[in-house]
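S.K.: Sequence and predicted structure below; questions after.
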Protein chains: 2
Amino acid sequence: MIRRNVPWLTADVISSINFSPIHALDGTITPQGCAFERHHSGAIELSKDDYRLMINGLVETPLIFTYADLERFPRETHVYFLECAANTGMEWAGAQLNGAQFTHGMIHNMEYTGVSLRTLLAEAGIKPEGKWVYVEGADASSNGRSIPLEKALDDVLVAFKANGEALRKEHGYPVRLCVPGWEGNMWVKWLRRIEVTAAAVESREETSKYTDTLADGTSRKWTWVMDAKSVVTSPSPQSPITHGKGPLVITGLAWSGRGSIARVDVTVDGGKTWKTARLVPSAHNMALHRFYLDHVWDGQEMLVQSRAIDSTGYVQPTKTELREIRGVNSVYHNNCIQTWWIKANGEAENVEIS
Amino acid sequence: MIRRNVPWLTADVISSINFSPIHALDGTITPQGCAFERHHSGAIELSKDDYRLMINGLVETPLIFTYADLERFPRETHVYFLECAANTGMEWAGAQLNGAQFTHGMIHNMEYTGVSLRTLLAEAGIKPEGKWVYVEGADASSNGRSIPLEKALDDVLVAFKANGEALRKEHGYPVRLCVPGWEGNMWVKWLRRIEVTAAAVESREETSKYTDTLADGTSRKWTWVMDAKSVVTSPSPQSPITHGKGPLVITGLAWSGRGSIARVDVTVDGGKTWKTARLVPSAHNMALHRFYLDHVWDGQEMLVQSRAIDSTGYVQPTKTELREIRGVNSVYHNNCIQTWWIKANGEAENVEIS
């Protein structure tokens, strides 16, 4: 494998990134070898034998678990998406990157197996004044994040398998956190410590980073939930139409950190008219959903967009609507409707129309 | 990768086999790299550019599709298990193989994407006298099988992706058939031809092989559907208990070619008492289901079994019950309840108690 660096994204090749090739995949599961990864201080070597997970802070009994200890607690399996807060982040000020992989590929969707964090916290016993947990990785960045206790006791998973097999090194072997529906950087890899605290730690990772610059220049912190979003993965700049006019499968992905996807609409005329796409049936919340629209292409130019509607009724916004609140200087949490300009020769380009 | 040959199973290293390491996996999805594969004449190199699929026989218009043609038809995505008819086949006459990988690992479960065979047959137009399809692979074995038209028009999929990515060479790149719930050898790989016929071809693959020897010495042909079955994957001979008494996760897989799994019961005392296991919620029919039983082990010997009950109400039989009909000289379609003897030191062994 030859790893390519993206100079504008990270300063060096160690703290690097891989984008899921969503233009080339189908279905909903991301194989681990194709799954988006981001590390702030490089992927680290950590053996199962050396692995320890500490729970400390405002607990009755501070505990340290080995890997073998974790395997003895009741186990759960769930399919969840992980989306980086910065996914689509380069697109705030204009159409920048010519490929769904680079505009929307900071996401993956895997079947995770592990132990509920609730179960481990119950083993330690939370003191009444404990209201948050601070989670920390074993890599040099430590990537510490605070999570409100309500979420920690709800559906957070201490995971040791993805798509059935051991986590790969880049995905946090041997143990990572899954924080369903919430931004990817909270899914701490190489998880080593969970501290129960009375208040949020306000670490570098949750104040200087992952805040949302607003239209008035102020910053909003703690946008944890990833709102409903979708993207057409084919046709797209890396997946042009090569067969000319006639039957064409338009397909893409939709997801919501607040539940499931109720509907995806697709337009080929830049939003003048919309058709409802077929959704692959899914029982999974906070997981990728695949949609298909069976279209007959007349060989003319198209402006293709998709619009997700989630199980809460929320409708994915246009970029114009987002900019009214967020301006053009934001980086994170861009869930705008994406436009691909499909040319008469079948090539596609990232453009902005609303 | 070093490929090991199993001398008692295949005569040479070309027509070989890989068993899914089900004792080491969790969840339900099998990564392609871990997925059971069997080829009768070796895995072949076939490029997308060279790929052609012919539909001929009793059709209005014989057709030849390129790979790019297939991508233009309405597409579906489903999770299905594939089980070899010979899975557990060595166990008819007694407990033989000391590991769930070898007794039950001729199975995988992947998310397949492709085109409904119904759609392609409609394009060709079936003549009134067409009652079967004969499907054929491009490898030297050709592995031809007849499928009744009713099944071919129901849920058979002409698939080109598994777990989102291209099929690997060993899984039939670029195109294979999925015949949900039916024995794996009908899932023809490197699919090259589908002939609509008036009657079954009765090829070598469907008469000399995959028939069921019965107790009276006669043979029954065409046992297509894989009946409900389950196995405890841990603890098991390759996944012993290493932590001594106390909390123990008992886990395994269950499946049915006739629908979904309604319930899995687990016994630790050789069938005297049973407990109902937790099932990972699944919306998929004809797919693997994962079960967990949270047990407190007293450190004494156990006789562990699992028993699947499917959505039709069918209950997985004991080996004794199967032998009353099938005798001990069968090879295929053994869906008996499996027993692991767990010793006081945590080691496990394949044994037979009923």
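M.R.: Ah, there it is. Nothing here was measured: the structure is a model prediction, and the numbers come from that model.

S.K.: contacts, neighbours, all on C-alpha from now
M.R.: Fine.

S.K.: Can you pull the residues of the stretch 51-200 of chain A lying near chain B?
M.R.: A:68, A:71-77, A:111-113, A:161, A:163-166 (Cα under 8 Å from any Cα of the partner chain).

S.K.: Now list the buried members of the residues you listed.
M.R.: Among these, those classed as buried by 16 or more other Cα atoms under 10 Å in any protein chain shown are A:72-77, A:111-113, A:161, A:163-166.

S.K.: with the residues you listed in mind, which one is nearest to chain B?
M.R.: A:G164 (4.4 Å; Cα to the nearest Cα).

S.K.: Give me the residues contacting the least confident helix or strand in chain A by mean pLDDT.
M.R.: Least confident helix or strand, chain A: helix A:204-207 with a mean of 86, by mean pLDDT, DSSP states H and E. Contact with helix A:204-207 is made by A:143-146, A:221-222, as judged by Cα atoms under 8 Å, 6 or more residues apart in numbering or on different chains.

S.K.: Show me the two of those that sit farthest apart.
M.R.: Greatest spatial distance in the contacts of helix A:204-207: A:N143 and A:K221, 16.3 Å, computed using Cα to Cα.

S.K.: Counting neighbours, go ahead and name the busier of those two.
M.R.: A:N143 (23 against 15; other Cα atoms under 10 Å in any protein chain shown).

S.K.: That one and A:G184 touch, don't they?
M.R.: No. Between A:N143 and A:G184 there is no contact under Cα atoms under 8 Å: 11.3 Å.

S.K.: hang on, A:F65 in a strand?
M.R.: Yes. Assessed with DSSP: H, G, I helix; E, B strand; the rest coil, A:F65 lies in a strand.

S.K.: what's it in contact with, if anything?
M.R.: Applying Cα under 8 Å, 6+ apart to A:F65 gives the contacts A:52-54.

S.K.: go with 6 Å
M.R.: A:52-53 (Cα atoms under 6 Å, 6 or more residues apart in numbering or on different chains).

S.K.: Could you do A:G252 as well?
M.R.: Counting by Cα under 6 Å, 6+ apart, A:G252 has contacts A:231-233, A:290-291.

S.K.: quick one: which of the residues you listed is nearest to A:S282?
M.R.: A:R290 (8.9 Å).

S.K.: Could you find the closest non-adjacent residue to that closest one?
M.R.: Distance criterion Cα to Cα, 6 or more residues apart in numbering or on different chains; nearest residue to A:R290, sequence neighbours excluded, is A:L253 at 4.7 Å.

S.K.: again, but for A:I55
M.R.: Closest to A:I55 by Cα to Cα, 6+ apart is A:I194, at 4.8 Å.

S.K.: element containing the one you found, please.
M.R.: Secondary structure from DSSP states H and E places A:I194 in strand A:191-197.

S.K.: Show me how far that strand is from its chain's centre.
M.R.: 22 Å (Cα atoms, centre = their mean, to the nearest Å).

S.K.: So which residue is dead centre in chain A?
M.R.: A:E83 (0.7 Å; Cα atoms, centre = their mean).

S.K.: Contact partners for that residue?
M.R.: Neighbours of A:E83 in contact, by Cα under 6 Å, 6+ apart: A:106-107, A:183-184.

S.K.: who's it bridged to?
M.R.: Per DSSP bridges, the residues bridged to A:E83 are A:I107.
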